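In: Everything below, folded, please.
(one chain, ligands or ions: 1)
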Amino acid sequence: MELLEEHRCFEGWQQRWRHDSSVLNCAMTFSIFLPPPRTNPPPVLYWLSGLTCNDENFTTKACAQRIAAELGIVLVMPDTSPRGEHVPNSESYDLGQGAGFYLNATQQPWAGHFRMYDYICDELPALIADNFSISEKASIFGHSMGGHGALSIALKNPGRFCSVSAFAPIVNPTRVPWGQKAFTAYLGADESQWRAWDSCCLLMDADSANALPTLIDQGDADQFLADQLQPAQFAEVARQKNWPLTLRVQPGYDHSYYFIATFVEDHLRFHAEHLLK
Ligand SMILES: N[C@@H](CCC(=O)N[C@@H](CSC=O)C(=O)NCC(=O)O)C(=O)O
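Out: Presented below is the predicted three-dimensional model:
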């Protein structure tokens with residue numbers, strides 16, 4: 001691993017690292033916030049960003065470090081896709097680099113690199129555990145495409161995370177344009193293969209015995225709410241399954257990082273409740 005940047009931040013450290021990913025077949029960059037040291041090793045909260053983002057959007061815009069320092073939580077911010085000149089891409093912002101959708105692609109030309117699910121679930125946590133002092137407890141949260149990633153990864157891995165939360169997540173990608181475009185490209189035209197990556201479908205099939213504390217914030221002035229996000233679909237499945245979901249609709253808030261910065265403290269405290277007990 002190569003340290004690219006390091007900054008003192010709220011008595012802890014904000015760092016940016018590059019490493020070679022064998023899962024994604026390219027060099028990857030991630031950011032990490034290390035809170036001030038305490039007696040016990042801290043838990044980890046993974047953040048998954050949305051379309052067009054890399055590891056720095058959340059780091060520089062969400063204002064999460066002060067509360068993470070206070071609570072004693074490590075924040076890990078990966079990139080949103082494999083990167084590089086040899087990695088396939090597309091002209092559009094919602095496919096290819098910057099738009100990995102946190103799944104394992106099965107179709108060409110994507111399948112050789114676009115395995116963000118395996119990267120986030122296996123390779124990155126192993127790398128973090130090998131190189132930083134952390135406890136075994138982890139939670140996950142994200143925004144938009146990253147909200148889809150956080151919810152689907154948590155639902156696909158019962159018992160792995162202490163809690164999950166999302167800002168304006170794409171909860172039903174099989175039914176909305178962003179998801180349909182990406183899933184057709186990465187997974188192929190056979191829609192039966194898509195269910196395994198759709199949070200509403202995964203929740204429908206989930207065992208309520210594995211219920212995970214879940215928080216979603218959604219701005220009602222979000223430009224993508226009606227066409228791409230539709231958190232009410234997820235809330236309806238949660239109601240049917242008696243799943244512990246809190247969905248908060250925030251009046252006047254849009255899809256931006258100003259919305260995330262406004263409510264990130266609530267999310268950090270929500271995760272701390274479950275990570276630190
Ligand atoms: N360029 C696109 C919209 C891109 C966009 O809004 N990206 C969001 C995530 S959207 C869902 O995954 C984002 O987080 N952008 C980065 C930022 O720092 O704001 C368009 O024009 O519609």
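In: Tell me which stretches of this protein form helices.
Out: When assigned using DSSP state H, the helices of the chain occupy the ranges 56-61, 65-71, 116-118, 124-131, 145-156, 177-187, 199-204, 231-241, 257-275.
In: Just name the most buried of these.
Out: Sort the helices of the chain by mean neighbour count, taking mean count of other C-beta atoms under 10 Å, and helix 145-156 sits at the top with a mean of 28. From N, CA and C alone the C-beta is placed, and that goes for glycine too.
In: From the chain's centre, how far out is that one? Work that out for me.
Out: With C-alpha atoms, centre = their mean, to the nearest Å as the basis, helix 145-156 stands 6 Å off its chain's centre.
In: What of stretch 183-191?
Out: For stretch 183-191, the distance to the chain centre is 21 Å (C-alpha atoms, centre = their mean).
In: and that stretch, C-alpha only, in PDB?
Out: The C-alpha coordinates for stretch 183-191 follow below in PDB (Å, rounded to 0.1, in the frame of the first residue of the first chain):
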ATOM      1  CA  PHE A 183     -27.900  -4.200 -14.700                       C
ATOM      2  CA  THR A 184     -28.500  -4.900 -18.400                       C
ATOM      3  CA  ALA A 185     -24.900  -4.000 -19.200                       C
ATOM      4  CA  TYR A 186     -23.200  -5.700 -16.200                       C
ATOM      5  CA  LEU A 187     -25.500  -8.700 -15.700                       C
ATOM      6  CA  GLY A 188     -27.100  -9.200 -19.100                       C
ATOM      7  CA  ALA A 189     -30.700  -9.100 -20.400                       C
ATOM      8  CA  ASP A 190     -32.000 -12.000 -18.300                       C
ATOM      9  CA  GLU A 191     -33.800 -10.100 -15.500                       C
END
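In: can you list the residues of this structure near the ligand?
Out: For the chain, the contact set with the ligand under C-beta under 6 Å from any ligand atom comprises 50-53, 57, 61, 93, 143-145, 255-257.
In: same thing but at 5 Å, please
Out: Gly50, Leu51, Thr52, Cys53, Asn57, Tyr93, Ser144, Met145 (C-beta under 5 Å from any ligand atom).
In: Check the stretch 51-200 of the chain for the residue nearest the ligand and tell me.
Out: Ser144 (2.8 Å; C-beta to the nearest ligand atom).
In: tally of neighbours for the nearest residue to that residue once chain neighbours are set aside?
Out: Among residues not flanking Ser144 along the chain, Gly50 sits closest, at 3.4 Å (C-beta to C-beta, 6 or more residues apart in numbering). When neighbours are defined as other C-beta atoms under 10 Å, Gly50 has 27 of them.
In: check contacts around Gly50.
Out: For Gly50, the contact set (C-beta atoms under 8 Å, 6 or more residues apart in numbering) comprises Asn57, Thr80, Gly142, His143, Ser144, Met145, Gly146, Gly147.
In: Any figure for the gap between it and His7?
Out: 24 Å (C-beta to C-beta, to the nearest Å).
In: just Ile73 next, same as before
Out: 18 Å.
In: Of the two, which one has the most company?
Out: Between Ile73 and His7, counted using other C-beta under 10 Å, Ile73 has the larger neighbour count: 24 against 12.
In: Across the sheet, point out what pairs with the nearest residue to the more buried one once chain neighbours are set aside.
Out: Nearest residue to Ile73, sequence neighbours excluded (C-beta to C-beta, 6+ apart): Leu45, at 5.2 Å. Counting by DSSP bridges, Leu45 forms beta bridges with Leu75, Ser139.
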